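Asker: Quick one, structure for this:
(chains A and B)
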Amino acid sequence: GENVEQHPSTLSVQEGDSAVIKCTYSDSASNYFPWYKQELGKRPQLIIDIRSNVGEKKDQRIAVTLNKTAKHFSLHITETQPEDSAVYFCAAVGGGSNYKLTFGKGTLLTVNP
Amino acid sequence: NAGVTQTPKFQVLKTGQSMTLQCAQDMNHNSMYWYRQDPGMGLRLIYYSASEGTTDKGEVPNGYNVSRLNKREFSLRLESAAPSQTSVYFCASSDPLGAGNTIYFGEGSWLTVV
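Answerer: As a prediction, this is how the structure comes out:
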């Protein structure tokens, strides 16, 4: 099955700096890569996603890049703000199934004012 | 439009007790899921239902059973709760993920087994 590794497990940045979270996946047939943000005590919520036929996608201060050859994808947050503090999860949908979303173990991002 | 609704939100069980977590979605999604979330482990798939009438095991199915009651509802049952099942449980729904559809989560159910 699919295996998703996520790094770092914790990340602390100063307000205004950029934050980068990296994930690798094992199934070369995986074709959909969403990122979720989870605030304390809340449900995970989708913040951005990318499909395997696209190399990069941006949404305001958030961007995701995908390198299919290397089987890794990254989340980039620019001009971080304290409200960006949360746990971020990457995930991948295996090419053999449209139903199994495998998550990384999460990154706790802390943005210090 | 409530999205994904799951109950109860909090529950304390004694070891060996049984309980059912209920989940319903109003987005007309074909697929529904149950995940558990433990510190440092991310979200792990317990069971999923690709469509009404079908259920399949996920990564961590032992100790659980599910029922896809109809297109809207997908329940998770713990027949004999164990302390290792202390966790936060999330129900979710979607259309086929490989087509780039989004998965939507319920608010979570905090379960403690003592």
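Asker: and the next element down the chain from the lowest-mean-pLDDT helix or strand in chain A?
Answerer: When each helix and strand of chain A is scored by mean pLDDT, DSSP states H and E, strand A:101-103 comes last, with a mean of 90. Note on strand A:101-103: by DSSP states H and E, the next helix or strand toward the C-terminus is strand A:107-112.
Asker: check whether the least confident helix or strand of chain A contacts chain B.
Answerer: Yes. Strand A:101-103 is in contact with chain B by Cβ under 8 Å from any Cβ of the partner chain, via A:101-103. For glycine as for every other residue, the C-beta is placed from the backbone atoms N, C-alpha and C.
Asker: And stretch A:29-42, by the same measure?
Answerer: Yes. Stretch A:29-42 is in contact with chain B by Cβ under 8 Å from any Cβ, via A:31-32, A:34, A:42.
Asker: Name the member of these with the most neighbours.
Answerer: Within the residues of stretch A:29-42 next to chain B, neighbour counts (other Cβ atoms under 10 Å in any protein chain shown) peak at residue A:34, which reaches 24 neighbours.
Asker: Now do the same contact list for that residue.
Answerer: A:46, A:48-50, A:90-91, A:101, B:102-103 (Cβ atoms under 8 Å, 6 or more residues apart in numbering or on different chains).
Asker: Which one of those sits in the busiest neighbourhood?
Answerer: residue A:90 (29 neighbours).
Asker: Identify all residues paired with that residue through a beta bridge.
Answerer: Under DSSP bridges, the beta-bridge partners of residue A:90 are residue A:35.
Asker: Quick check: the gap between it and residue A:72.
Answerer: Using Cβ to Cβ, to the nearest Å, one gets 10 Å for the distance from residue A:90 to residue A:72.
Asker: Now for those two: what residues contact both?
Answerer: residue A:23.
Asker: doesn't residue A:14 make contact with residue A:110?
Answerer: No. Using Cβ atoms under 8 Å, residue A:110 makes no contact with residue A:14, being 10.1 Å away.
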